[in-house]
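Student: Need coordinates for the following:
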Amino acid sequence: MAGGAARSVVVAIDPDEAVIDRPLSYAAPPGHGLPPPGTRVRVPLQRRLVWGWVVAHEAAPPGIRLKPVAAVGEEADRCDDEALDLARWMARRYLAPLGAALKVVAPPPSLRRPRPGRPSSESASRRDGREAPPLTGAQEAAVVAIERALEAGEHRVFLLWGVTASGKTRVYEQAVASCLAAGRSAVVLVPEIALTPQLVRVFRQRFGDVVVLHSQMSATERRMRWERVRSGEARVVIGARSAVFAPVVRPGLFVLDEEHESSYKQDESPRYHARDVAIERARRAGAVVLLGSATPSMESVWQARQGHYGLLEMPGRIDGRPMPSVLVVDLREELAATGRVSPLSRPLHEALKRTLEQREQAILFVNRRGFSGAMACRECGHSWRCPHCDVSLTYHHTAAGGRLRCHYCGYETAMASICPRCGSRQVAPVGFGTQKVQAALAEAFPGVPVLRLDADTTTRRRSHERILEEFANSRPAVLVGTQMVAKGHDFPGVTLAAAVLADVTLHLPDFRAAERTLQQLVQVSGRAGRGERAGTVVIQTFQPHHHSIQAAALGDLRGFYAEELAFRRRLSYPPFGQLIRMVASDPDEARAREWATELARRMEEASHGRGVKVFGPAPAPIARIRDRYRWQVVVRGPDGEVRQLAGAVTQALGGRGRRRPEAFTVDVDPVSVL
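Tutor: Numbering: from 1, shown residues only. Just a heads-up that it's a prediction; the model follows:
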C-alpha cells in the first residue's frame, strides 16, 4: 500500500474446517484490495484451503511474509456489521473462538443460489381472516404493558408467568400484532421443533406469511427463507433455538415460549443460551423481550423479583376453568402391597379405566425411552454397561428379539440370557421406559389406541405431526412419551395426565435437579383439563414428601422458589453466582486428567483473593463417552469475575502442544453439569 505500512486481514477460521482458537493473519488476495470485515474467504492452512471470515484489518507484521487470501466469497454470504458485532459479543460472553460464533450468525450456506422473493410452499399462506377471541383481563394487562414498551421504542424484558392453559399464546399473538403495527419485525422461539407446527398454524391464521427456521432444514431451503427474512419480505419468524439469529429487519420483539427449557442452551461451541442472545439483540435494537412460562427458570424469577424484568402474571386458566386435581401415589406402598412396582399403579389403572370408559384421552409421561432402564442379574446385581461409555445399556424390545442400546454412542448388542459374572439365568429388565409402558397399556386396555412419542418413533420427517394428529383424532386414546408430550400441546379431550415415575431427575447429581423435577411435573399436569371437562393428574413416586413433588401437587410454586432460592444463595449457585464448567476429554485418561489437574492448579493460583471457588479436577459424572475419558473443573464466583479469570487461564493454557487433550470444552452458565 503506497504511502503507508502494508495492511493484512485477520481471519477467523470456520470450526467445521479446522479447530483454531485464534484468528490468523493473511495478505490481501492478489490483484484485489482488502476484503471488508464479515466477508467469507478461503485461505491456506497447513497445505490445504479452508473457509473463514474476515474480522479485522491490521498492519502487516514486519519481517513476516504472509500467505495471501486464496478466494473471496460472494457478497450475499457476508456477515453484516450487526451479525459481526453479535459474534464478537458471543465469543467474549461464552469464551468461544470467534470463528465458532460467526458460524452460527452467518448466512446459511447453499449449494445453489436461492431465488429471492419466491416463498416456499411451507412458508406461503393467504390468512383466513378469523376474528381473534377477546382478551381476558389478565391477558389485556399483559398486552398493554408490552404495547407501551413497543410504542416507546424502549428495551424491556418481561416475564409472562402464567399457569398452564392461561392463554400465553394469545398474548404472544397480540404482542406480535402490535409489533407489526409499529413497523417492526418479530421472532418467536419454541424449545422443540416438534412444537412448531401448532404455533405456526395459529400465527398463519392471524398474520398470513410466517417463516419457519430451524436447523433440520436443508441448506438450500434454510438459505431461501433466510433471504426472505433479510430482505424484509417476511417479518414474522418462528423457530427453535437457532432462529434467534434470524436477520429480521428492524427487530421489535423476541418471544421465548417455555423460557425455562434447557433446550435453549446450545450444547456445542459457542455454548450460547438463546435467552441471553435474544436479550442482547433486543438491547442493541431497542426491542422488547417476552419470556413466557408456567414454571419460569430460577434466574428469571430472581431477575423479576429484583425489578430487572417486568413481571406479568396470569394466575388462572381462561374461561375460569379449574386447575386439575392431583393425586400423588406412593410407590413404596404399592411395592409393599403387591410385591412389585408396575408402570401402572392401582390408582393410575383405575383413573385410566374411568377416562377411557368416558371416551376421553390420557397422556403418560415417562422419563426414559426404550423398554426398561437397564438389564440386571437378580442373583448378583451385575448390570450391562456400554463398553464405550460409563452408562447402563437400555433394553429395547424388537420383533426380532431384545436389544441393549447405548443412548450416548449408539452401541448395540443382543440381550443376554446368562449373567457373565455368576452364570445365573435370573436376568431381567429393571425399571421401565416408554416401550414397556406402551406394552403395559396395550395389555391392560386392549383395543384402545396407544401411541408413543419419543426419539425412537420420530426419526422420520414429520413423524411428530403424524403421531400427534392421530392422537388428536382418536377417542379414546392414550399418548405415551418422553418430555416431548409434556410441552405446549393443547388437546381438549385430555382429562388425565400422569408422571409414571417422577423421581428420575431427582437422582441426578445436579444442583438444578429439584427445579427440573418441578418443571416437568407442572408441565405434565398442564396437559389435563384444557377443555370443558376437569382434569386429573397422577404422580407416581418413591419420594412423595420431596419439596418439588409437594409443590407440584399443591400448586405452591412460590413456596418452592423461595426455598430453592434460599438454598442457592447459601451455596452461591446461580442466580447468586456464576458457574463455568471446563471438561478435558481424551482416549488416554492420563492425558485428560493431567490437563484438568494443571487447569485446576492455575485456576487456584489466579483466583486467590477474588472470591472464586475451584472444584476439581475430578472425573465428570459420566466419566467416559464414546471411548473418551472426561475430567472436569468447575469454577464458581461473581458474575463477570469468574468468566474473566477462566478466559485468561484457558487462553494461557491453550498452547501446551502435545499435552493438550483431544477435546477441551468450556461451558459458561451450564444448564447441566453431567
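Student: so which strand or helix has residue 221?
Tutor: Applying DSSP states H and E as the criterion places residue 221 in helix 219-230.
Student: Report the buried residues of that helix.
Tutor: 220, 221, 222, 223, 224, 225, 226, 227, 228, 229, 230 (16 or more other CB atoms under 10 Å). To be clear about C-beta, it is placed using only N, CA and C from the backbone, and glycine gets the same treatment.
Student: okay if I get these as a markdown table plus distance to residue 376 and pLDDT?
Tutor: Formatted as a markdown table, the buried residues of helix 219-230 follow (distance: CB to CB, whole Å; pLDDT from 0 to 100):
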| residue | distance to residue 376 | pLDDT |
| --- | --- | --- |
| 220 | 48 | 88 |
| 221 | 46 | 90 |
| 222 | 45 | 91 |
| 223 | 50 | 92 |
| 224 | 51 | 93 |
| 225 | 49 | 95 |
| 226 | 50 | 94 |
| 227 | 55 | 95 |
| 228 | 54 | 96 |
| 229 | 52 | 97 |
| 230 | 55 | 95 |
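Student: would you list those in TSV and tack on distance to residue 35?
Tutor: Below are the buried residues of helix 219-230 laid out as TSV (distance: CB to CB, whole Å):
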residue	distance to residue 35
220	25
221	28
222	24
223	21
224	25
225	27
226	21
227	21
228	26
229	25
230	20
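Student: Out of these, which comes closest to residue 244?
Tutor: residue 229 (12.5 Å; CB to CB).
Student: my guess is the closest one contacts residue 250, does it?
Tutor: No - taking contacts as CB atoms under 8 Å, residue 229 lies outside contact range of residue 250: 11.8 Å.
Student: shared neighbours of these two, anything?
Tutor: Counting by CB atoms under 8 Å, 6 or more residues apart in numbering, the shared contacts of residue 229 and residue 250 are residue 185.
Student: one step back: and the following helix or strand past the helix holding residue 221, how far out from the chain middle?
Tutor: Scanning forward in sequence from helix 219-230 by DSSP H and E, the next helix or strand is strand 236-239. Here the centre of strand 236-239 is set off from its chain's centre by 17 Å, with CA atoms, centre = their mean, to the nearest Å.
Student: Tell me which helix or strand comes right after strand 236-239.
Tutor: Taking DSSP H and E, what comes next after strand 236-239 is strand 251-257.
Student: how about the next helix or strand along the chain from that next one: buried residues?
Tutor: Per DSSP H and E, strand 251-257 leads on to helix 274-285 as the next helix or strand towards the C-terminus. Buried residues in helix 274-285, counted by 16+ other CB under 10 Å: 274, 275, 276, 277, 278, 279, 280, 281, 282, 285.
Student: how does this structure divide into domains?
Tutor: Recorded structural domains for the chain (assignment: automatic domain parsing) are 7-105, 137-318, 321-369+433-567, 372-431, 578-668.
Student: Now for the residue nearest the centre of the chain: which residues touch it?
Tutor: The residue lying closest to the centre of the chain (CA atoms, centre = their mean) is residue 263, at 0.7 Å. Applying CB under 8 Å, 6+ apart, we find residue 263 in contact with 191, 192, 240, 241.
Student: thinking again about what came up before, including distance to residue 674, could the domains of the chain go into a markdown table?
Tutor: Below are the domains of the chain laid out as a markdown table (distance: least, CB to CB, whole Å):
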| stretch | distance to residue 674 |
| --- | --- |
| domain 7-105 | 19 |
| domain 137-318 | 11 |
| domain 321-369+433-567 | 6 |
| domain 372-431 | 10 |
| domain 578-668 | 5 |
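Student: I figured residue 82 hits residue 284, correct?
Tutor: Yes - Residue 82 is within contact range of residue 284, at 7.4 Å (criterion: CB under 8 Å).
Student: so the closest residue to residue 618 other than its chain neighbours is in which element?
Tutor: Nearest residue to residue 618, sequence neighbours excluded (CB to CB, 6 or more residues apart in numbering): residue 632, at 6.3 Å. Assigned by DSSP H and E, residue 632 belongs to strand 628-637.
Student: CA atoms only for that strand, dumped as CSV, please.
Tutor: Extracted as CSV, the C-alpha positions of strand 628-637 are listed here (Å, rounded to 0.1, in the frame of the first residue of the first chain):
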residue,chain,number,x,y,z
ARG,A,628,-13.1,-40.7,25.7
TYR,A,629,-12.3,-40.2,29.3
ARG,A,630,-13.7,-37.0,30.7
TRP,A,631,-12.2,-34.9,33.5
GLN,A,632,-13.7,-31.6,34.6
VAL,A,633,-13.0,-28.5,36.6
VAL,A,634,-15.9,-26.3,37.7
VAL,A,635,-15.4,-22.8,38.9
ARG,A,636,-17.9,-20.6,40.8
GLY,A,637,-17.8,-17.0,41.6
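Student: quick check, distance from that strand to the centre of its chain.
Tutor: 21 Å.
Student: Same check on stretch 452-464?
Tutor: Centroid separation for stretch 452-464 versus its chain: 18 Å, with CA atoms, centre = their mean.
Student: before we move on, back to that, tell me the mean pLDDT over the strand holding residue 632?
Tutor: Averaged across strand 628-637, the pLDDT comes to 93.
Student: who does that strand pair up with?
Tutor: As defined by DSSP bridges, the strand partners of strand 628-637 come to strand 578-586 (antiparallel), strand 613-625 (antiparallel).
Student: Quick one, which of these gets closest to residue 326.
Tutor: strand 613-625 (31.3 Å).
Student: Extract the CA atoms of that closest one and return them as PDB.
Tutor: C-alpha atoms of strand 613-625 as PDB (Å, rounded to 0.1, in the frame of the first residue of the first chain):
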ATOM      1  CA  LYS A 613     -14.100 -21.300  44.200                       C
ATOM      2  CA  VAL A 614     -12.500 -24.100  42.200                       C
ATOM      3  CA  PHE A 615     -13.900 -27.600  42.200                       C
ATOM      4  CA  GLY A 616     -11.800 -30.400  40.800                       C
ATOM      5  CA  PRO A 617     -10.100 -31.800  39.000                       C
ATOM      6  CA  ALA A 618     -12.500 -34.800  39.100                       C
ATOM      7  CA  PRO A 619     -14.000 -37.300  36.700                       C
ATOM      8  CA  ALA A 620     -17.200 -36.000  35.100                       C
ATOM      9  CA  PRO A 621     -20.400 -37.600  36.500                       C
ATOM     10  CA  ILE A 622     -20.500 -39.600  33.200                       C
ATOM     11  CA  ALA A 623     -16.700 -40.300  33.200                       C
ATOM     12  CA  ARG A 624     -16.500 -41.800  29.700                       C
ATOM     13  CA  ILE A 625     -18.400 -41.300  26.500                       C
END
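Student: Please spell out which residues along that strand are buried.
Tutor: 613, 614, 616, 617, 619, 620, 623, 624, 625.
Student: about what we covered before: worst mean pLDDT among the domains of the chain?
Tutor: Across the domains of the chain, the lowest-scoring stretch is domain 372-431, with a mean of 80.
Student: and it, how far from the chain's centre?
Tutor: That offset, for domain 372-431, works out to 29 Å (CA atoms, centre = their mean).
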